[in-house]
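Novice: next input, structure requested:
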Amino acid sequence: MKSLMYVFTCVVVSLIPFFQSGSRGIEKRPTYEFINSFQGAGLHRVPMSKAERDFYSGFPGQTGYYSIDGRPGESLFLRYTEEPTRMLHSAEGCYKASGFEIEFTDNVVLPIADLSDNPIEWSQFRSVDRQNRFLVRQCVLSLSTGGSYSDIPAWYWQTNFTSEDPGPWLAVTWRLPESE
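Specialist: Residues are numbered from 1 along each chain as shown. The predicted structure is shown next:
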């Protein structure tokens, strides 16, 4: 009788995967609807390069890269996540790796109604190469508390080790062209 019960249990356990919904081994990624305007201008999604797609294929969330209507060279890169992750890194590393020289400037506080009811503190830097000069602003917005972080490493360490801000979060990188 014991061996019959053992065989029956093994058969039932082996059939469980066939009755589960969803696909095994495929992570469910969070979904988030990104903004469709920024400071009164429409946004248009810009395809990412293969290298960017490959890099963000393991990102635990969503990404979106947008041009801003009527503002040549100005863009937004949005990253949404529901968990602290080291894959959410500061933009200056990408610009340095692309050959830009980086010059840090003072943080700025700006109200951006499309993103938050509260003024947002942005870190910013200038990025310059032979042909391009940009001012790059970045922040991480807490979609649960309404707060913001101007420093991405501070966001990561604070949210990874405290429960004061449970997320989710939206990281915003705003690139503006500068003339010399």
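Novice: for this structure, what spans make up the strands?
Specialist: 37-38, 41-45, 61-68, 75-81, 101-110, 120-128, 133-142, 148-149, 169-177 (DSSP state E).
Novice: need those in TSV with mean neighbour count, distance to Leu88 and mean pLDDT, can you?
Specialist: Quick note: C-beta positions are derived from backbone N, CA and C, even for glycine. Conversion of the strands of the chain to TSV gives the following (neighbours: other C-beta atoms under 10 Å; distance: least, C-beta to C-beta, whole Å; pLDDT from 0 to 100):
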stretch	mean neighbour count	distance to Leu88	mean pLDDT
strand 37-38	17	20	94
strand 41-45	14	20	96
strand 61-68	19	8	95
strand 75-81	22	6	96
strand 101-110	12	19	94
strand 120-128	18	14	95
strand 133-142	21	7	95
strand 148-149	22	11	93
strand 169-177	20	5	96
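Novice: out of those, flag the one nearest Thr159.
Specialist: For Thr159, the closest of these is strand 169-177, at 7.3 Å, according to C-beta to C-beta.
Novice: what strands line up against that closest one, and which way round?
Specialist: The partner list of strand 169-177 in its sheet, established with DSSP bridges, is strand 75-81 (antiparallel), strand 133-142 (antiparallel).
Novice: closest to Asn107 out of those?
Specialist: Between Asn107 and the strands paired with strand 169-177, the shortest separation by C-beta to C-beta is 9.0 Å, and it involves strand 133-142.
Novice: contacts for that closest one next, please.
Specialist: 73, 88, 90-92, 95, 100, 105, 108, 115-116, 120-128, 147-150, 152, 155, 165, 167, 169-180 (C-beta atoms under 8 Å, 6 or more residues apart in numbering).
Novice: how does it look with 6 Å?
Specialist: 91, 116, 120, 122-127, 148-150, 155, 165, 169-178, 180 (C-beta atoms under 6 Å, 6 or more residues apart in numbering).
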